[in-house]
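Q: Here you go, sequence then predicted model.
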Amino acid sequence: MDIAVMKELDARLPLAGRVAIVTGSTSGIGLGIARALARAGADVVLNGLGEPEEVEANRAALEAEFGVRVGYDEANLMDPREAAGLVEQSVATFGRVDILVNNAGIQFVSPVDTFPVEKWDAIIALNLSAAFHTCRAAFAAMKARGFGRIINVASAHALVASPFKSAYVAAKHGVLGLTKVLALEGAEHGVTANAICPGYVWTPLVESQIGATAEARGISREAVIRDVLLAAQPTKRFAEVDEIGALAVFLAGEAAKSITGTALPVDGGWTAH
Ligand code: NAD
């Protein structure tokens, strides 16, 4: 192939030949990251809950639009064996995993004294422990090949707290701690680990917490958006999933090989307060 054409392809498809898993990519930020990685040339394994027809439509659309291989694994990441199985099955199908994006997450909003114990357990299981189980399953092979990119979608709540989100804030702080340990253990093996820390991004997860927050605080839906969600976000706008996707592509690429163990806020200045 002509060298100029190769350079052009390289610039447009910086992740060509890479294999990525994105957990929780049937919706929201995960789907945005999966799109961005596929656009950059990576083969992608989707994961998450959803109606089979809708999941298959998204999978087929990504494959058709970007000409990469796109798989789907229905692993329920609340179950440690299924979380590890997601990695094992992806390796069996695609040969390896170069990029692991731990994104699946849930939220529940309640004062700590009445916070349901089963909600605490579920949030810790999905938002924190699942990332440990997938990383644990992928890490040895990444180190052996001398390349790996672990991208954990944490939150501004990995850095600061808000009331009524005890489990979520605890889990996200934990994910950042896990990220730092992975960065240290992977540092001499070409494996990086970083945490993207979004502020508010407009997705179904945010939509679903507006009602609960309104109830917990006894205020209207509009007041939740203005005075609670975007109160601390100086840009006064929700970030978009494509902004998170673009950062994930950068972190997965060659130019980011010295960026590891970091928390990267995409929060419109929230944590600058
Ligand atoms: P979302 O609800 O749109 O998507 C969550 C994804 O997780 C979906 O694909 C869902 O099917 C999947 N999922 C849920 N339970 C699962 C399970 N048991 N096993 C496997 N997958 C499961 O939410 P989102 O807003 O896109 O959030 C994605 C991540 O970004 C979460 O970790 C969230 O904490 C984080 N985040 C979101 C925001 C925001 O403002 N939206 C801000 C900061 C961090």
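A: Great, that's in hand.
Q: Pop the domain breakdown of the protein in here.
A: Following automatic domain parsing, one finds the domains of the chain at 3-200+240-265, 202-237.
Q: Let me know which of those is tucked in deepest.
A: Comparing these by mean neighbour count (mean count of other C-beta atoms under 10 Å), domain 3-200+240-265 ranks first with a mean of 20. For glycine as for every other residue, the C-beta is placed from the backbone atoms N, C-alpha and C.
Q: from the middle of its chain, how far away would stretch 135-152 be?
A: With C-alpha atoms, centre = their mean, to the nearest Å as the basis, stretch 135-152 stands 16 Å off its chain's centre.
Q: Averaged pLDDT, that stretch. What do you get?
A: Stretch 135-152 carries an average pLDDT of 98.
Q: cool, stretch 90-109 as well?
A: On average, stretch 90-109 scores 97.
Q: Skipping adjacent residues, who's closest to G268 in space?
A: Closest residue to G268 apart from its sequence neighbours, by C-beta to C-beta, 6 or more residues apart in numbering: T235 at 3.3 Å.
Q: sec struct for that neighbour, please.
A: Counting by DSSP: H, G, I helix; E, B strand; the rest coil, the backbone at T235 sits in coil.
Q: Of the domains of the chain, which shows the lowest average pLDDT?
A: Among the domains of the chain, domain 202-237 has the lowest mean pLDDT, at a mean of 88.
Q: That domain close to the ligand?
A: Yes - legend: contact between domain 202-237 and the ligand by C-beta under 6 Å from any ligand atom is shown at 203-206.
Q: After the longest helix seen in the chain, heading C-terminal, what element do we hit next?
A: Secondary structure of the chain per DSSP state H: the longest helix is helix 166-186. Helices and strands here follow DSSP states H and E; after helix 166-186, the next one along the chain is strand 191-198.
Q: Identify the farthest-apart pair in the residues of domain 202-237 next to the ligand.
A: Maximum pairwise distance in the residues of domain 202-237 next to the ligand, criterion C-beta to C-beta, is 7.5 Å, between P204 and V206.
Q: For stretch 164-179, what is the distance to the chain centroid?
A: With C-alpha atoms, centre = their mean as the basis, stretch 164-179 stands 14 Å off its chain's centre.
Q: Report whether it contacts the ligand.
A: No - judged by C-beta under 6 Å from any ligand atom, stretch 164-179 stays clear of the ligand, getting no closer than 6.9 Å.
Q: got a list of what the most centrally placed residue in the chain touches?
A: Closest residue to the average C-alpha location of the chain: N103 at 2.6 Å, with C-alpha atoms, centre = their mean. With contacts taken as C-beta atoms under 8 Å, 6 or more residues apart in numbering, N103 has the following neighbours: 22-25, 29-30, 33, 153.
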